[in-house]
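In: Sequence plus the predicted model coming up.
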Amino acid sequence: VQLQASGGGLVQSGGSLRLSCTSSGDTLDDYAVGWIRQAPGKEREGLSCINSSGRPAYYADSVKGRFTISRDKAKNSVYLQMDSPKSEDTATYYCNAVSRRILGRNYWGKGTLVTVSS
């Protein structure tokens, strides 16, 4: 599994942006996938994850009600829809895939930078 996060960029506060996490190579069908972000000078923060069946399993309080995670198995991708972003959402966003079959197997993608302007 080789993950690539994309879709970042500059967005105005209150706008919307959709991030994509796509796997090249193996399918993501047997993986739970999560989104994590890290802002400069801050600790990494887990935002959301979705299980292999396509059901969202977790949202951090900081994004609950504003961000939506989803997956499209046909496209081997997981998405993070960011609605009404705030300046504090500015960070590099990463996706992480965790195998439900092999304990300890997980993969990280290169991050994508999101900058929210006020």
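Out: Everything's here; your move.
In: now the strands: where do they sit in this structure?
Out: Listed in chain order, the strands of the chain (DSSP state E) span 2-6, 9-12, 16-24, 31-38, 45-50, 56-59, 67-72, 77-83, 91-99, 106-108, 112-117.
In: okay, these in JSON lines with mean pLDDT and mean neighbour count next?
Out: The way it works is simple: take the backbone N, C-alpha and C, and place the C-beta from them, glycine included. Below are those laid out as JSON lines (pLDDT from 0 to 100; neighbours: other Cβ atoms under 10 Å):
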{"stretch": "strand 2-6", "mean pLDDT": "94", "mean neighbour count": "18"}
{"stretch": "strand 9-12", "mean pLDDT": "98", "mean neighbour count": "13"}
{"stretch": "strand 16-24", "mean pLDDT": "96", "mean neighbour count": "18"}
{"stretch": "strand 31-38", "mean pLDDT": "97", "mean neighbour count": "22"}
{"stretch": "strand 45-50", "mean pLDDT": "98", "mean neighbour count": "19"}
{"stretch": "strand 56-59", "mean pLDDT": "92", "mean neighbour count": "14"}
{"stretch": "strand 67-72", "mean pLDDT": "97", "mean neighbour count": "19"}
{"stretch": "strand 77-83", "mean pLDDT": "98", "mean neighbour count": "21"}
{"stretch": "strand 91-99", "mean pLDDT": "97", "mean neighbour count": "21"}
{"stretch": "strand 106-108", "mean pLDDT": "94", "mean neighbour count": "16"}
{"stretch": "strand 112-117", "mean pLDDT": "98", "mean neighbour count": "17"}
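In: So in terms of bridging, what pairs with the residue nearest the centre of the chain?
Out: Taking Cα atoms, centre = their mean, the centroid of the chain lies closest to Trp35, which sits 3.0 Å from it. Beta-bridge partners for Trp35, by DSSP bridges, are Ser48, Cys95.
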